[in-house]
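K.L.:
Pasting the sequence and the predicted coordinates here, then a few questions.
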Amino acid sequence: MKVVCTQASQVLGARLAGRLGVETIDVAFSRFPDGEIFLSRGETDGETVIVGAVTGAEDLVELMLLVDACDDSANTLVLPYMAYARQDKRFRPGEPLSVRAIARALSAGVDRVLTVNVHDPSALAHFTVPATDVSVAPEIGRHLVRRGGDLLVLSPDDGAARFAAEVASVGGFATDWLDKTRLSGDRVEIRPKSLPVEGREVVIVDDIISTGGTLAAAARMLLEQGATGVRAACVHGVFAGGALLHLAAAGVGGVVCSDTIERANSCIMAAGPIADALR
Ligand code: R5P
């Protein structure tokens, strides 16, 4: 077995190879004069683990080319982040089921797929090969334990409450979720469902931080309600359009994410749970 990765997942790919005790395959990435992506890989070894986060169209094309280049081996696709997974319903007639389109495209040429905290597990059914999801929630929990403190771990909505509970259980932290009440057309009140935050250090956890809008609104209200500090942790740090700046401006004391999308603050490593699932 060898590991190969796209440019988007070089750190995670190398860490995963280290965990598995296998070699990585070198890849030369280049472009044709018209901008088309090109690549050329080194020797495969019968079984290849292909690692490639997809945050947008360029990543997707590069990953599809890499899978095609590995057609002489049995391939497992590790998809650390799957863009388009949030369009998992047709909200209006005429819209695509984007998650299905991406899943179908990425099933071609691979024998199985492994996702990491995919936005909704229903995505797995859209792959045409066996697909499983692994969770880095325990890694986030261990990170919080290392940082110390008597924390309250909150999810921004009831949908992520199970994820927050998974994180909190590692350190025996209290956990709750945020309840949003619409007060008027443009005013909402966000409160923890049952636990008071006054005098507590809060960590908000979510699968994705994209614009940071959800967490910024929550952080402002939690600080108004007397939380002594608010931090944030997520699996996938998309951080679109100045999200980290918005969170800092809202009083969020620190934001960490995993290396499913490789960022400067990716201090939670996904390689361990992925390696365990591959073994
Ligand atoms: C939504 O269902 C996700 O779990 C996240 O809460 C959402 O993607 C966060 O988006 P944003 O950072 O743009 O508020």
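P.N.:
Ah, there it is. Numbers count the residues shown, from 1 in each chain.
K.L.:
switch to C-alpha atoms for all contacts and neighbour counts from now on
P.N.:
Will do.
K.L.:
Quick one: residues contacting Val99.
P.N.:
Tyr84, Ala85, Arg86, Gln87, Asp88, Ala123, His126 (C-alpha atoms under 8 Å, 6 or more residues apart in numbering).
K.L.:
Could you dump these into a markdown table and include secondary structure, distance to Leu223 and pLDDT?
P.N.:
Formatted as a markdown table, these follow (DSSP: H, G, I helix; E, B strand; the rest coil; distance: C-alpha to C-alpha, whole Å; pLDDT from 0 to 100):
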| residue | secondary structure | distance to Leu223 | pLDDT |
| --- | --- | --- | --- |
| Tyr84 | coil | 32 | 97 |
| Ala85 | coil | 32 | 97 |
| Arg86 | coil | 29 | 94 |
| Gln87 | coil | 32 | 95 |
| Asp88 | coil | 33 | 96 |
| Ala123 | helix | 35 | 98 |
| His126 | helix | 41 | 98 |
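K.L.:
At which residues are the strands of the stretch 151-279 of the chain located?
P.N.:
Here the stretch 151-279 of the chain has its strands, by DSSP state E, counting those that start in this stretch, at 151-155, 174-184, 187-192, 201-209, 229-237, 252-258, 266-268.
K.L.:
Go through those strands and find the least confident stretch.
P.N.:
The weakest mean pLDDT among the strands of the stretch 151-279 of the chain belongs to strand 187-192, with a mean of 78.
K.L.:
So for it, what gets flagged as buried?
P.N.:
Within strand 187-192, the residues that qualify as buried are Ile190, Arg191, Pro192, counting by 16 or more other C-alpha atoms under 10 Å.
K.L.:
same question, stretch 24-43
P.N.:
Buried residues in stretch 24-43 (16+ other C-alpha under 10 Å): Thr24, Ile25, Val27.
K.L.:
How far off centre is stretch 263-272?
P.N.:
For stretch 263-272, the separation from the chain centroid amounts to 10 Å (computed by C-alpha atoms, centre = their mean, to the nearest Å).
K.L.:
quick one: secondary structure of Gly13?
P.N.:
Three-state call for Gly13 (DSSP: H, G, I helix; E, B strand; the rest coil): helix.
K.L.:
My guess is it contacts Val51. True?
P.N.:
Yes. Contact criterion C-alpha atoms under 8 Å: Gly13 and Val51 qualify, at 6.0 Å.
K.L.:
any shared contact partners between those two?
P.N.:
Val3, Val4, Cys5.
K.L.:
got those residues as a markdown table, with distance to Ser107 and secondary structure columns?
P.N.:
A markdown table is the format used below for the shared contacts of Gly13 and Val51 (distance: C-alpha to C-alpha, whole Å; DSSP: H, G, I helix; E, B strand; the rest coil):
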| residue | distance to Ser107 | secondary structure |
| --- | --- | --- |
| Val3 | 18 | strand |
| Val4 | 17 | strand |
| Cys5 | 16 | strand |
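K.L.:
Tell me who's in contact with Tyr81.
P.N.:
Counted by C-alpha under 8 Å, 6+ apart, Tyr81 has contacts Gly52, Ala53, Val54, Thr55, Thr115, Val116, Val118, His236, Thr260, Ile261.
K.L.:
Report the spatially nearest residue to the residue positioned nearest the centre of the chain, omitting neighbours in sequence.
P.N.:
In the chain, the residue lying closest to the centroid (C-alpha atoms, centre = their mean) is His236, at 2.8 Å. Among residues not flanking His236 along the chain, Ile208 sits closest, at 4.8 Å (C-alpha to C-alpha, 6 or more residues apart in numbering).
K.L.:
Ile274 versus that neighbour, what's the distance?
P.N.:
Taking C-alpha to C-alpha, to the nearest Å as the measure, Ile208 falls 18 Å from Ile274.
K.L.:
Please identify which of those two sits among more neighbours.
P.N.:
The neighbour count for Ile208 versus Ile274, taken as other C-alpha atoms under 10 Å, is higher for Ile274 (23 against 19).
K.L.:
Inside strands: which ones of the contacts of Tyr81?
P.N.:
Among the contacts of Tyr81, the members falling in strands (DSSP state E) are Thr115, Val116, His236.
K.L.:
Provide a list of residues in contact with the second one.
P.N.:
Taking C-alpha under 8 Å, 6+ apart as the definition of contact, the neighbours of Val116 are Leu79, Pro80, Tyr81, Asp133, Val134, Ser135, Val136, Thr260, Ile274.
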